[in-house]
Each structure stands twice: as C-alpha cells, then as structure tokens.
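Peer 1: here is my input, please return the structure:
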Amino acid sequence: FQVKSENTKTIWNTEEVPEGSEFDDTWDPREQPEYRILFKQSVGTEDVFFGMSRKDPSTACCEDVVIKIKLPETKYSDITLDIQDKVLDLRTPKKKLLLHLPYHVDSKNGKARFLSEEETLEVTLRVSREFDFINFA
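Peer 2: Presented below is the predicted three-dimensional model:
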C-alpha cells in the first residue's frame, strides 16, 4: 500500500474541476446571445415505417447536435469559435457564449455556417458517444 504525497498548498485536485471551467470568465461584460440547441438524427424508411431499428425520437438516438446562435449586427469575419469535446466558446466584439454541451462531441469534424439574412450562426457537431444497444453503427 503506497500513499501519494500531495501538495498541501493546492485548494482542489484536478479531478474536482469541471471540464471547460478554464473558459469561464465572469468579468467579461459582453452579453450572451440568444441560442437554441437542436438534436438531429438520420432515419430511413426502415425506422419510420417498419420500426426495424431500435431508434426512437429521444436525444439518445441522435447523431448530431445543432446549435443556432443569433448574432445581430455581426459580420462573419468578427466571429471567433472554439469547440472542445464538451464546450463551445464563441466570441464576437459585442457578444460571448460559453456553452457546456449536453454530450461529448467530435470537436475536430464539426461544421459551421453563417446565415447572414437570418443573422444566425449554425454549428453542427457530431455526437461522440460510446456504443450501446441503440447506437451501434
């Protein structure tokens, strides 16, 4: 039995710090934009009409997370977007959004597009989850 010596000056262990907390900045005066989180899944006729797969309308069966962020009076070139496995960090000159995502996502293979006529940034991220009895493909 071996006891690890811990630094007595530390306030907490790294395991106790929530993921994504390094992005928290409560001192930033920019306001948070309006946003919506949507879930998207791929279904075929075998799912809809025949019920051959185990998919249902719940978020557990969704493959993608879509975040729609309203950014009025913003140019595409002013947007800074950083995606981590569980955190979305968006910055513009007037707005900031630190969003802890509901699922782990594939942060390397997401898509973002700016719909200028709607003044909305649409970010699509693939959910990265363990295989289970529903999500086995």
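Peer 1: which stretches in this structure count as helices?
Peer 2: Here the chain has its helices, by DSSP state H, at 45-48.
Peer 1: in it, where is pLDDT below threshold?
Peer 2: In the predicted model, the chain carries pLDDT under 70 at residues 1-8, 12, 14-26, 43-61, 130-137.
Peer 1: where exactly do the strands run in it?
Peer 2: Here the chain has its strands, by DSSP state E, at 35-40, 64-70, 80-83, 87-91, 96-100, 111-115, 120-126.
Peer 1: flag every buried residue along stretch 64-73.
Peer 2: 64, 65, 67, 68, 69, 71 (16 or more other CB atoms under 10 Å). No exception for glycine: its C-beta is placed from N, CA and C like everyone else's.
Peer 1: out of the strands of the chain, which gets nearest to residue 29?
Peer 2: Minimum separation from residue 29 across these (CB to CB) falls at strand 96-100, 9.2 Å.
Peer 1: buried sites along that closest one?
Peer 2: Residues of strand 96-100 classed as buried by neighbour count (16+ other CB under 10 Å): 96, 97, 98, 99.
Peer 1: tabulate the CA atom coordinates of it in PDB.
Peer 2: In PDB, the C-alpha atoms belonging to strand 96-100 read as follows (Å, rounded to 0.1, in the frame of the first residue of the first chain):
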ATOM      1  CA  LYS A  96     -19.800  36.000 -26.000                       C
ATOM      2  CA  LEU A  97     -21.200  32.500 -25.400                       C
ATOM      3  CA  LEU A  98     -19.700  29.800 -23.200                       C
ATOM      4  CA  LEU A  99     -21.800  26.700 -23.700                       C
ATOM      5  CA  HIS A 100     -21.300  23.400 -21.900                       C
END
